[in-house]
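[1] Everything below, folded, please.
(2 chains)
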Protein chains: 2
Amino acid sequence: MGTYDHEGRPNAMTAAWAGICCSKPPCAYVSLRKATYTYGNFMERKAFTISFPSEAYVKEADYFGIVSGINTDKFSTTKLTPVKSDLVDAPYVKEFPMVFECKVIKTVEIGLHTEFIGEILDVKAHESVLDENKMIDVRRVRPLVWSLPNMSYRNVGKHLGKSFSIGKKLRESKNTDTK
Amino acid sequence: MGTYDHEGRPNAMTAAWAGICCSKPPCAYVSLRKATYTYGNFMERKAFTISFPSEAYVKEADYFGIVSGINTDKFSTTKLTPVKSDLVDAPYVKEFPMVFECKVIKTVEIGLHTEFIGEILDVKAHESVLDENKMIDVRRVRPLVWSLPNMSYRNVGKHLGKSFSIGKKLRESKNTDTK
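    As a prediction, the model looks like this:
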């Protein structure tokens, strides 16, 4: 997550809990503990970015999650580049291949974590991760998958089947199967 | 997601948008369109399960997402087994190796999707997916990863680094790096 603090300093943190929560308007969420430096930035700026590291940046992604931005310039340590978003008041990581720019539209108090729901106003991607139809290709983004019980960052593996397609056979078999 | 309808019939559906949103209490969310049969079940029973299919069930997982439970018994078609949860009023899929039992604690209206936040009251796993420390091992669960732009179900790939660990080197290098 990329945010600016009250002095306009860019900060990046790795959130354990984030994802998509609505298709229309397209929304992404991030859950944060009040203790994080990013929490205050969210409350103040009502804006954030999600920059997706590729495999090559696993070390930087982990570092963003274990150090607080309160007294560290994480961009300077990692030599990564903060870029001001076009549509929201937050920076993204230039070197990461895919970025969402989000405006906070809802804040949900759950428990230890507060969930911030942001409308995705823009999706940016490096030209190099687009396929021939100009769609983002997961094989080129090479995003990280985090397995908490194993404390392991992993990559995305091989193709198993096409969605909204591979299950159709079961639907067609239905009429003959049921009594 | 596993739910019971108003007649107590078990239903399963594959949700595009789901994940973890709080650590304490442990909470998972699912976002649903009002048009789904499962939506009504959530509103009535305030309970759901998340059963994680392993790679072997990619066809069944896709089928659960493309057919509505309103006039189909998806368990019968797939020959999978609904089991009543111990702690919540919802069924899970016996053959899937990992299950969360959740009680709805918040409902958030976002747009096309409504987000249901559920407290995870129990996590169940097949003995066969536990490692030597009795922790769930992602290499044994073999869960699916969904890539929307590619319409592709994929598996989880190889280990790239240990979390809360691989980034420490960057933290240690900080003092010498900064001016």
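[2] May I have the beta-bridge partners of the spatially most central residue of chain A?
    Most central residue of chain A, judged by C-alpha distance to the mean C-alpha position with C-alpha atoms, centre = their mean, is residue A:50 at 4.1 Å. Here residue A:50 shows beta-bridge partners residue A:100, assigned using DSSP bridges.
[3] That one touches residue A:13, doesn't it?
    No: counting by C-beta atoms under 8 Å, residue A:50 stays clear of residue A:13, with 10.9 Å between them. Quick note: C-beta positions are derived from backbone N, CA and C, even for glycine.
[4] Could you measure from the residue nearest to the centre of chain A over to residue A:109?
    Here the distance between residue A:50 and residue A:109 works out to 21 Å (C-beta to C-beta, to the nearest Å).
[5] so the helix or strand containing residue A:119 versus strand B:113-125, what angle?
    Under DSSP states H and E, the secondary-structure element containing residue A:119 is strand A:113-125. Strand A:113-125 and strand B:113-125 are oriented at 110 degrees to each other (axes from the mean of the first three to the mean of the last three C-alpha atoms, to 10 degrees).
[6] can you pull out the helices in chain A?
    Per DSSP state H, chain A has helices spanning A:37-45, A:58-66, A:74-78, A:138-141, A:168-177. These are given in chain order.
[7] what sits against residue A:107?
    Residues touching residue A:107, when contacts are defined by C-beta atoms under 8 Å, 6 or more residues apart in numbering or on different chains, comprise A:114, A:115, A:116, A:117.
[8] partners of it in the sheet?
    According to DSSP bridges, residue A:116 are recorded as the beta-bridge partners of residue A:107.
[9] and what of residue A:11?
    Applying DSSP bridges to residue A:11 gives these bridge partners: residue A:3.
[10] Can you get me a residue count around the residue nearest to residue A:148 when sequence neighbours are not counted?
    For residue A:148, the nearest residue in space outside its immediate sequence neighbours is residue A:16; the separation is 7.3 Å by C-beta to C-beta, 6 or more residues apart in numbering or on different chains. The number of residues packed near residue A:16 is 15, by other C-beta atoms under 10 Å in any protein chain shown.
[11] how close does residue A:16 get to residue A:33?
    10 Å.
[12] ditto for residue A:78
    Look at residue A:78 and residue A:33: by C-beta to C-beta, they are 22 Å apart.
[13] Compare these two (neighbour count), which wins?
    residue A:78 (23 against 16).
[14] In contact with the more buried one, which residues?
    A:60, A:63, A:64, B:170.
[15] next one: residue A:40
    Taking C-beta under 8 Å, 6+ apart as the criterion, residue A:40 is in contact with A:5, A:6.
[16] cool, and residue A:62?
    Residues in contact with residue A:62, defined by C-beta under 8 Å, 6+ apart, are A:14, A:153, B:161, B:163, B:164, B:165, B:166, B:167, B:168.
[17] And the third one, how close does it get to chain A?
    Read that as residue B:161. From residue B:161 over to chain A the distance is 5 Å, taken as C-beta to the nearest C-beta, to the nearest Å.
[18] Listing request: residues of chain A with sub-threshold pLDDT.
    Across chain A, the ranges flagged by pLDDT under 70 are A:174-179.
[19] where's the closest residue to residue A:120 other than its chain neighbours relative to residue B:110, distance?
    Among residues not flanking residue A:120 along the chain, residue A:26 sits closest, at 4.4 Å (C-beta to C-beta, 6+ apart). Applying C-beta to C-beta, one obtains 10 Å for the distance of residue A:26 from residue B:110.
[20] quick one, which of these two is more surrounded?
    Between residue A:26 and residue B:110, counted using other C-beta under 10 Å, the more crowded position is residue B:110 (20 against 17).
[21] what's the burial count for the closest residue to the more buried one other than its chain neighbours?
    Computed as C-beta to C-beta, 6+ apart, the closest residue to residue B:110 that is not its neighbour in sequence is residue A:22, at 4.1 Å. Counted with other C-beta under 10 Å, residues neighbouring residue A:22 total 25.
[22] In contact with residue A:22: list those residues for me.
    Contact analysis of residue A:22 by C-beta under 8 Å, 6+ apart lists A:117, B:17, B:31, B:110, B:111, B:112, B:113, B:115.
[23] Buried only: go through the residues you listed for me.
    With neighbours counted using 16 or more other C-beta atoms under 10 Å in any protein chain shown, the contacts of residue A:22 contain these buried positions: A:117, B:17, B:31, B:110, B:111, B:113, B:115.
[24] Hmm, residue A:25 and the fifth one touching each other?
    Meaning residue B:111. Yes: the pair formed by residue B:111 and residue A:25 meets the contact definition of C-beta under 8 Å, at 5.1 Å.
[25] hmm, back to that, so the residue nearest to residue A:120 is in contact with residue A:102, correct?
    No: assessed by C-beta under 8 Å, residue A:26 is found out of contact with residue A:102, at 9.4 Å.
[26] what do these two both touch?
    Counting by C-beta under 8 Å, 6+ apart, the residues touching both residue A:26 and residue A:102 are A:119, A:120.
[27] That'll do, ta.
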